[in-house]
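> Show me how the following folds:
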Amino acid sequence: CNHWVCFSSKAIHFHFASLPFINNYQITMSNSSRKINQSSRVAASSAAAKTTPTKRSKSPTNASHTSDHATEPSRKNPRTPPKQSASSRSTASIDAKIVTPATSSALALEKKGAKKSPAAKSNARRSLSMIGEDDSTAAATKSGGEKSDGKKESAGAAKKKLPFGGKTKPIEIPDVVQRVYHIVHKHTGSIGGNGHGGAIYGELTTGSMQKMTNFMVKHTGLSEDSRFIDVGCGLGKPNLHVAQCPGVDFSYGIEMEHVRWMLGMSNLYQVLEAAKKDEVDGKEFKEGESKIGHGCYFAHGDITEANYFDPFTHVYMFDIGFPPRLFHQLAEMFNRSQSEYLICYHGPRLMIEDYGFNVELIVQTPTSMHGSAEGHTGYIYRRSEDAKPSKACKTKKFGVPCDPLFAKAWEMCRADLDVGRKHVGEEVEKHMGRTTKRVTRSASRKSSLAEEKKSE
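Sure, this is the predicted structure:
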């Protein structure tokens, strides 16, 4: 092959047929040039290390060490200090002094005779052994113990602590209400099921219903002279509740779904049986206790069959699952009635603006439901002062305007306990075949064994 070789600015053309030493010469020249470049780089880095110390080299000795061994990789200093011997640790522990800053400053001020402010005393960090009598009494007061004046806080008045630090007083439920709920829960459960195939239903907790009742007593004057209707009563818990507390004159519930109406009637029968048992046994009630109220009636039917809500003073409905058409019908009924108060679970925008109820909002409160984390706000409305009934109810009962749909039930509730108990028992036996709860095999076996033991 032909090669051009340049010597001292003169180009000479050579024709080399086969000279293998030329290739070896080129390889050695390239290797030597690489070594020269590498040595120059190392020299430059060592010069930079002399002028600019690294983060690890904080002393001249470290810099000189790096310059002497520039070609070797740098060894990093260990992050943890070297371990001390047992003798050095013992001497260090003897010489060390443990001092709390706040305690030492407090002692210094006391020596000087300066007066400490109460804020500085409370902010001082002290060990457990240095807490004084004032702190111990304060801690006892916070924990609900005896106060400085010797008075004790009652357990019932203690505030319940909420999840986010807030505090509220527990809702006090009367004994007779708790007893009625115990009967209902034993018979049909606390949540109130067996409504398969029906519409949307819900059951408030006992505490939430008691809170709604307390609001009605406070803001609407719910009392023993009041008349209460529950539209879509279900298992009848609100009706049974207000029949005990405050013990209204007439508690009426109406339900369209047959299964849930029968469950409500069964609950009512069990409650009336308990009231009759107390009467037969001559049970004496202590102070603060009261007998079971029986002024309650459950009807199976459609509320739109009535033209008025009279004679009821309080119209209650858990209306979460109501269709809009029913709301408009209920609004027309309420507007032409003399009923004073409306209790429901929809806000003013829907009830007043969309459905046309002639009411104004008094108060609202949150409520919770059985068996889930679902909650709804309860609203209590009052009839507007400007709104007057367009058509008054002409039929009357006990001197009060009353729609014919409610007249018979009101008369029965004002009668003796045996009258209502007999009617409810007949209805339950007619539709369910029996008035008592079905006995399981295990329960019947236990009862038979008990009878055998008695006979022996």
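> And the strands in this structure?
2-7, 10-15, 160-161, 167-168, 227-231, 250-255, 296-300, 314-317, 341-344, 359-368, 375-383, 396-397, 400-401 (DSSP state E).
> and among those, the most buried is which?
Among those, strand 250-255 has the highest mean neighbour count (mean count of other Cβ atoms under 10 Å), at a mean of 27. Yep, even glycine has a C-beta here, placed from its N, CA and C like the rest.
> which stretch among the strands of the chain comes nearest residue 208?
Nearest of the strands of the chain to residue 208, taken as Cβ to Cβ: strand 359-368 at 3.9 Å.
> The closest one to strand 375-383, inter-axis angle?
160 degrees (axes from the mean of the first three to the mean of the last three Cα atoms, to 10 degrees).
> Dihedrals phi and psi, residue 323?
phi -80, psi 160 (degrees, to the nearest 10).
> that older thread, any chance of the strands of the chain in JSON lines, with distance to residue 424 and mean pLDDT too?
Supplementary listing: the strands of the chain in JSON lines, determined by distance: least, Cβ to Cβ, whole Å; pLDDT from 0 to 100:
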{"stretch": "strand 2-7", "distance to residue 424": "124", "mean pLDDT": "47"}
{"stretch": "strand 10-15", "distance to residue 424": "129", "mean pLDDT": "46"}
{"stretch": "strand 160-161", "distance to residue 424": "38", "mean pLDDT": "58"}
{"stretch": "strand 167-168", "distance to residue 424": "38", "mean pLDDT": "64"}
{"stretch": "strand 227-231", "distance to residue 424": "17", "mean pLDDT": "97"}
{"stretch": "strand 250-255", "distance to residue 424": "12", "mean pLDDT": "97"}
{"stretch": "strand 296-300", "distance to residue 424": "8", "mean pLDDT": "96"}
{"stretch": "strand 314-317", "distance to residue 424": "21", "mean pLDDT": "98"}
{"stretch": "strand 341-344", "distance to residue 424": "25", "mean pLDDT": "98"}
{"stretch": "strand 359-368", "distance to residue 424": "29", "mean pLDDT": "95"}
{"stretch": "strand 375-383", "distance to residue 424": "29", "mean pLDDT": "95"}
{"stretch": "strand 396-397", "distance to residue 424": "21", "mean pLDDT": "94"}
{"stretch": "strand 400-401", "distance to residue 424": "24", "mean pLDDT": "94"}
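> possible to save those as CSV with distance to residue 262?
Shown next, in CSV, are the strands of the chain (distance: least, Cβ to Cβ, whole Å):
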stretch, distance to residue 262
strand 2-7, 115
strand 10-15, 120
strand 160-161, 37
strand 167-168, 38
strand 227-231, 16
strand 250-255, 9
strand 296-300, 8
strand 314-317, 21
strand 341-344, 25
strand 359-368, 26
strand 375-383, 26
strand 396-397, 27
strand 400-401, 30
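> closest to residue 204 out of these?
Taking these one by one with Cβ to Cβ, strand 359-368 is closest: 5.6 Å.
> Tell me the strands beside that closest one, with direction?
strand 375-383 (antiparallel) (DSSP bridges).
> returning to what we had before: can you tell which of the strands of the chain is closest to residue 449?
strand 296-300 (37.5 Å).
> Spatially nearest residue to residue 400 (excluding sequence neighbours)?
residue 311 (4.5 Å; Cβ to Cβ, 6 or more residues apart in numbering).
> Next one: the one you found, what pLDDT does it get?
Predicted confidence (pLDDT) for residue 311: 96.
> Also the one 10 residues further on?
Per-residue confidence (pLDDT) for residue 321: 88.
> Could I get the full set of helices for the stretch 301-450 of the chain?
324-335, 348, 404-413, 417-432, 441-455 (DSSP state H, counting those that start in this stretch).
> Residue 181: which of those is closest?
Across the helices of the stretch 301-450 of the chain, closest to residue 181 is helix 417-432 (Cβ to Cβ), at 18.5 Å.
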